[in-house]
Every structure is written in structure tokens, then in C-alpha cells.
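[1] model the structure of this input:
(chains A and B)
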Protein chains: 2
Amino acid sequence: VAVMPLPAADAAETTGGDGVCHPRGFVAGHASCGMKRSGKADLALVASDRPATAAGVFTTNRVVAAPVTVSRAQIQAGAARAIVTNSGSANACTGAVGRRDAWRMVEATAEALSVPRAEVLVASTGVIGRPLPIEDVVEGIHLAATRMSDMHGRPAADAIRTTDAFAKLGETSVTVDGTLVRIGGMAKGAGMIRPDMATTLAQITTDAAVAVPVLRRILRESMACSFNAISVDGCTSTNDCVFMLANGASGASVDSGRAARLLRDAVSELALDLAKQVVRDGEGSTRVCTYVVTGAVSDAEARDAARAVAENMLVKCALHGADPNWGRILAALGAAGVHLDPDRVAIAVGGVPIVTAGEGVEHAMSDAKAELRKDEVAVEISLGLGAGHATVIASDLSPDYVHFNSAVTT
Amino acid sequence: VAVMPLPAADAAETTGGDGVCHPRGFVAGHASCGMKRSGKADLALVASDRPATAAGVFTTNRVVAAPVTVSRAQIQAGAARAIVTNSGSANACTGAVGRRDAWRMVEATAEALSVPRAEVLVASTGVIGRPLPIEDVVEGIHLAATRMSDMHGRPAADAIRTTDAFAKLGETSVTVDGTLVRIGGMAKGAGMIRPDMATTLAQITTDAAVAVPVLRRILRESMACSFNAISVDGCTSTNDCVFMLANGASGASVDSGRAARLLRDAVSELALDLAKQVVRDGEGSTRVCTYVVTGAVSDAEARDAARAVAENMLVKCALHGADPNWGRILAALGAAGVHLDPDRVAIAVGGVPIVTAGEGVEHAMSDAKAELRKDEVAVEISLGLGAGHATVIASDLSPDYVHFNSAVTT
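    Residues are numbered from 1 along each chain as shown, chains lettered A, B, ... in the order given. Sure thing, here's the model as predicted:
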């Protein structure tokens, strides 16, 4: 098998990359292994041209796909040179065969890219319960390895799409101690479109040098207000995982608390951008709503309250209909299991107060309706009890969601 | 205002009544107060011709409608002669005015039926956040009181409908110590149809004499496997309440443990019948699915698991599409927060095993699909860990649900 040498960091200089290839020293490749009926690319490789530290966050579902099990083990050491991702099949609920196949993907990637086997992460997304066509996948890995380039961030992001309406990429940068640090990422987002799909995979790269404990904290903290704050349908997948790799190619080293905070804020911003793209995607979703809960007795209760409202089926239907249906929001809050004094609740939609002291502001409803018709809207809910606050970003629920998700595919 | 005397128990002898009027000594009346645009009856009175013991169960929502607050206070003493119910407006989130109006309904009913004010229960269902047209409601109460009859169980059940597709009534009987005891009930069920609606009101009557503590236990225990085991959309309303009245008109007295169990079983059967009618109702619902979870480490965990599956949006969509999508069921179990060993999970649809030891039984899928196409289907999930079991009865999720619930009404 022909393996192209990875381009050096300098090669990225002239062009700049998209998504995960935006930071220096990161390249990507892609291939089609035949798992998508369309014949489009369904395999992506992301690699660093030098050693990189790595961190990951994984689904909390107790049913986890084989690649999650494998990557959890691999990432313990905090180092990764490459990530291999396939779409089309989740390699979940596939038993011993699935675990063997996930390791085969790791091994093939290590061989094809000439990187240590211990430094390869693996992710899968797609239909649950079907074995991978593993020989085709291995062949695809070797093919993708011949196409590694810092220009291939976008085709890599395309390759991890399932029926996502668009590829999700993002880039940002931050200056650390006078040196420009680049951060890039890609994600795939589904759950709105068709069955059996992992809701989120995301991969973030940076060319700063970041020690493993710092990288882990940065990733964890940046998730709180991005991927962990979004909801499409309240369903937790078996395959969700977000990886971050840091390779130091920029020459900047994140070794102070201040630098770590700068990087964390930049990563958070990028992760939020990617997470919002996930919510916006899907033929069924027509608007993105940011629910901001304040005045809860704790941040945890604020989060429970925000989730209870954002994921309430009737609230989601009302959002779809641009209906400022505050009764449904109050009823959802009342069932959220949090401290609540209905008489203190205030609700505003796009800045228009529709509930004060627990009662509706009738004359405001037409203004609120106009706000709800926008593509993106904020619903602010004040519980009036304490200092706890939280934000959840969610989509509406449309008939199309049900159409897509009740189409028979098993 | 002309108030007809309540007919004596003997009057019921010749005809038998429907629903709440099936037991001896119970009568019902109805009226239109103009809260339904159609002009149809929107107010129901149910009364006993003699003192009756009473029990009630109420919504666990922390936002409760005024009639729930009032009836909770009224039912403390364990005695009730009458229940007044209006549809079209939930009298929820209506503040001090709402509480005053709920008490006005109690007072008007007491006056119109010449029963003690302390022995009147009140319930409301309909749109949240709008004040009742209280003068019209009071007038309707006086009108309904002139129409009290043991033949009016069905029109009373019609009067508490909002956009329910059909009235929900049920009757049964049980012999206690050689005496026939009748039990009747009515319910209204929504949540599938249009916004802002209480999900459940139900009223059950019996002509046995039952002491208050026994009646309370019977009602509570009969709810566990009926109204508390159903789910349409996972949304808990502000107005849910179930009342039970026992007037002793049959001459039978439930004063032994055996008699109480007999009555409880009969009430449970009736309540399950009414609860299933609620799930079946709604233009959006196409099938009723009974999820039976066994092998959980406790009954509580079995219930959490059953609810997590039954209320999972993707599972509900699959049910609508008659898709034996076991991957979604496993993913929902994994996110349910219960003890789980995926490799021990077995799932059967209508008796057809589709998962054994955590993996799919591919050749069974077409048989399972045929089972799922039926109006009513059982999904059995064995966790293989312990003796905990639970049952939840739920509807599917159809595009029509979303259409109806996103129609703008505020």
C-alpha cells in the first residue's frame, strides 16, 4: 500500500486549511468504502505531522458503540497522532465482532499513516446494529492515507456526514504570549433527519502545545456551554464523542493559567459554533432557540429547568408554530423537579416579556410571535429564587422530523 | 333558580346509567356556558343522592391550576356529594382571580344542588392562562342542576371533552359479600390533539360504602397500573386529577381486606380501560403500545426504563412507522439512568424476539414489523438483572401530533 508522507507544518503556511486543517501541522484525508448508498466519501482521517496531546469526551449512554470503548482506552495516555472516522454504520450493538473491527480500524490507520498504534482514535456514526464491511473500510483507510493534505478539511467533514444537510466546520484563532494559535474543528450532527444516527461527533485541533491535564480541562469546560448544552430530541446516542488534539506546531505553548483561559474561551467559541450548526441542521428543524434560565436555586437546577423546557414536546411544537405559548413553558417548569414559585416566574421571548409574576402579558403576544418567527430566538426564563443559571440550545419539533424518523429503514 | 330534587337511588333501578351514573344513587347533568366555540356542552355536574366518601389523586406538577388547589383542600375531609367540571378553559396560571372563580364554582354547585359547600369538588380542563367567563359558568351550573339524571352519564362525559375524538366512559361491577357493587367512570384525554390541554381528568363512582382510608388506598393503588402508567407525550399537566366517590347505595359495605381487594381490582380494571381510551384518543395517535420491562434490579428502575423507552422521541417515531428499530430501544435504555448490561438485554415485539443477548435477530424483523402494524402491540424488554418489573402504555408520535400542537392558538 502506498503511503504518502505527511506534509510538514510549513506546507500549511501558504494556504491555510479548513476546519481541522486550519491549525498548522494537521492534515486530513477521505475515501469511500461503500457504506453510503450514494457512493460518497464515508471515511475520514485526521492526522498531525508530529506528536500531539489529546483529550476526549464521550457519550454518557450505558450502551456504547465499539469505537467509543476503543477510543476511551486509547486516549488514557493523552497522546494521539490520528483519528479515523467512518459514517454509514455506527458499529454499535455489534458485540465482539464490532470491537474487533474497531481495533482493525486503529491498526490499519497506524499502518497506513506510519504512526504508533497507541496514538490512533476511532469514531463511527450511522445505523446501529449492523457490522461494518471491515475489509472495505481497511481498504478505504489505506486509500485515504494517500490523500492526506491540509487542503482536505472540508472533504473530511463531508465524509463524516450521514444525512446531514451540510458539512460543519469552524476555525478561529487566539494570540497566546504574542504567538498566533489556530484552532479548527469539524462536527457531524443528526438526530433530526433519519433513524439510528449518532447525534454528535466532533473533532477539534489546535497548533498550540498543551499539556494533557490542561487540554482535558479545556475540552471539558468548553463542552459545558456548547455540545453539552444542545438538544435536538433529548436522545443520547451510543456513539457521541468529541476529540481534541494539540500539536504545538505554532510554537506557542499554553503553560500559564491565563493562556489556558484564552485557549479555553476560543475553543468554547468554536465548539458553540459547531454545536449550533448541529442544532440548525436537519430537514425538520426550522429554528434554533436558546433557552436561558436564571434565578434558579443552583446552576444544576437551572440546567434541569432549561432542559425540561427545551425538550418538552409541546413547547417544541409551539416553537415550530411561532406560538408564544407560555402556559406550556410554565407547565414544563412545574414538572422539572426543581424549586419553583410560579408567582415569581418571568418569561421573555426575544426580549419581549410575555410572563411577569407568573401571569401572562396579553398585549405582548403579537410582538412575541414576531420574535419567534425569526431563525434564531432567545427565550429568557427567570425563576426569581437564586443565582443559578444555565443555557440550553434546542431546535423546534416539526412534522418533518416525525416523517423522517418514522420512515422504515430496519 | 329552579333546582330539581335529585332522583332517589330507586329511580336508577329500571334503567342503569352510563359511566359515572352506572352505580346506584349517582346522577349527572350538563350545560353549555359558551366556552366551546362549537356551543357544545362544556360543563358537567356529577352528584350522589346521599353522602359519599371521596378520594382524589392530583397532578405532581408544581404549577397547579386553581381548581386543583381548591379540590385538594376540599377532599381532605374525605366526603363529597358533587363534582363540577368545566372544559374549554383550564383556569390555570390565572392567579387570585382564578382561585376566586374556582371557589365560585364550588359555591354555585352547592347552592344549585342543595349540598354542603364543603362537599363539592371542582375540576377544569382547557387552555392555560385565560380567566373563566365566571358568570356564564355559574349560570351553566344552575342550568345543569335542573337536568340531573341517572341517564346523563354520557352527555356529562361529552361535556368534559375538549377536542377529544370520543367520550370516555366505562362501567364494571363486582360482587362483595353477595351484593352487586357497581363501579362507573368517565375520563377526558388529550395531549395528542391541541395545545394547552390538561392530559387527564377522570371521575369514578361506586355504590359500595367505603371508609375514607380504604377508598384512598383503592384509588391510589388502582392508579399505579392505569393512569400513572400511560404516556402520550411525557408532559405533565397543571390540571390532572382523578376523583372517586363511594355512596353505599348498593347496600354493600367494603369493610374487609378481601372486599377491598375485590373492589380495588375492579376499579383498577375500569381505570385501565379509561386510561387506554385516553392513549388511543387523538387524531395523531395510530397505535397503543404496552411496554413491559422485566429483569430490572428494582420496580422503580423498571419503571424508569419503561418510561425512558416509551417516551423516547425516536422510539415513538419508529412505532409510528411500524419499524422494529431495536437500536433506538437499546440507546434509550442506555440513557435511562438504570443498571444495564447491554449483553443481557432481550426484546420481543408482539411475542417475536428481535434482540437476544444484546444483539439483533435479523431474520425476525419482518415478523416483528407485521406485529407493529397492529392497533395494539406489546413490547417486552428483559434486562436480565433482577426481579423488578413495570408496565407503561404509550402512543406513537405522528406528524399529525406536531401539526395539531404547532397550530397557533395563543
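[2] for the rest of this, base every contact and every neighbour count on C-alpha atoms.
    Fine.
[3] which ones are touching residue A:160?
    When contacts are counted by C-alpha atoms under 8 Å, 6 or more residues apart in numbering or on different chains, residue A:160 touches A:42, A:43, A:44, A:85, A:86, A:87, A:125, A:187, A:188.
[4] mind putting those residues in TSV, distance to residue A:266, pLDDT and secondary structure included?
    Conversion of those to TSV gives the following (distance: C-alpha to C-alpha, whole Å; pLDDT from 0 to 100; DSSP: H, G, I helix; E, B strand; the rest coil):
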residue	distance to residue A:266	pLDDT	secondary structure
A:42	29	96	coil
A:43	28	97	strand
A:44	25	96	strand
A:85	25	95	strand
A:86	28	95	strand
A:87	28	92	strand
A:125	27	88	strand
A:187	16	86	strand
A:188	20	82	strand
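[5] out of the residues you listed, flag the one nearest to residue B:246.
    When the contacts of residue A:160 are ranked by distance to residue B:246 (C-alpha to C-alpha), residue A:125 comes first, at 57.9 Å.
[6] number of nearby residues for residue A:76?
    Residue A:76 is surrounded by 13 other residues when neighbours are defined as other C-alpha atoms under 10 Å in any protein chain shown.
[7] got the phi/psi numbers for it?
    Comment: the main-chain dihedrals of residue A:76 come out as phi -50, psi -40, following degrees, to the nearest 10.
[8] what pLDDT does it get?
    As predicted, residue A:76 sits at a pLDDT of 93.
[9] among the contacts of residue A:160, name the buried ones.
    In those, burial by neighbour count holds for A:42, A:43, A:44, A:85, A:86, A:87, A:125, A:187, A:188, counting by 16 or more other C-alpha atoms under 10 Å in any protein chain shown.
[10] ok, so of these, who is nearest chain B?
    residue A:125 (12.9 Å; C-alpha to the nearest C-alpha).
[11] for that closest one, give the beta-bridge partners.
    Residues found in beta-bridge contact with residue A:125 (criterion: DSSP bridges) are residue A:87, residue A:89.
[12] verify the stated contact: it with residue A:89.
    Yes - taking C-alpha atoms under 8 Å as the contact criterion, residue A:125 and residue A:89 are neighbours in contact, 5.6 Å apart.
[13] got the buried residues for stretch A:255-265?
    Going by neighbour count (16+ other C-alpha under 10 Å), the buried part of stretch A:255-265 is A:259, A:260, A:262, A:263, A:264, A:265.
[14] now stretch A:371-388
    When burial is assessed from 16+ other C-alpha under 10 Å, stretch A:371-388 yields the following buried residues: A:371-373, A:377-385, A:388.
[15] let's see stretch A:348-362 as PDB, backbone CA atoms only.
    Output for stretch A:348-362, consisting of C-alpha atoms alone and laid out as PDB, is shown next (Å, rounded to 0.1, in the frame of the first residue of the first chain):
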ATOM      1  CA  ALA A 348     -39.300  36.900  27.800                       C
ATOM      2  CA  VAL A 349     -39.200  35.900  24.200                       C
ATOM      3  CA  GLY A 350     -36.600  37.800  22.100                       C
ATOM      4  CA  GLY A 351     -36.600  40.500  24.800                       C
ATOM      5  CA  VAL A 352     -40.400  40.800  24.900                       C
ATOM      6  CA  PRO A 353     -41.800  40.000  28.400                       C
ATOM      7  CA  ILE A 354     -44.700  37.500  28.000                       C
ATOM      8  CA  VAL A 355     -45.000  36.400  31.600                       C
ATOM      9  CA  THR A 356     -44.400  38.600  34.700                       C
ATOM     10  CA  ALA A 357     -45.100  37.300  38.300                       C
ATOM     11  CA  GLY A 358     -46.500  34.100  36.900                       C
ATOM     12  CA  GLU A 359     -49.200  35.600  34.700                       C
ATOM     13  CA  GLY A 360     -49.400  36.300  31.000                       C
ATOM     14  CA  VAL A 361     -48.800  39.700  29.500                       C
ATOM     15  CA  GLU A 362     -51.600  39.500  26.900                       C
END
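[16] what comes up buried for that stretch?
    The neighbour-count check on stretch A:348-362 (16+ other C-alpha under 10 Å) flags A:348-350, A:352-361 as buried.
[17] since that was my last question, I'll sign off now.
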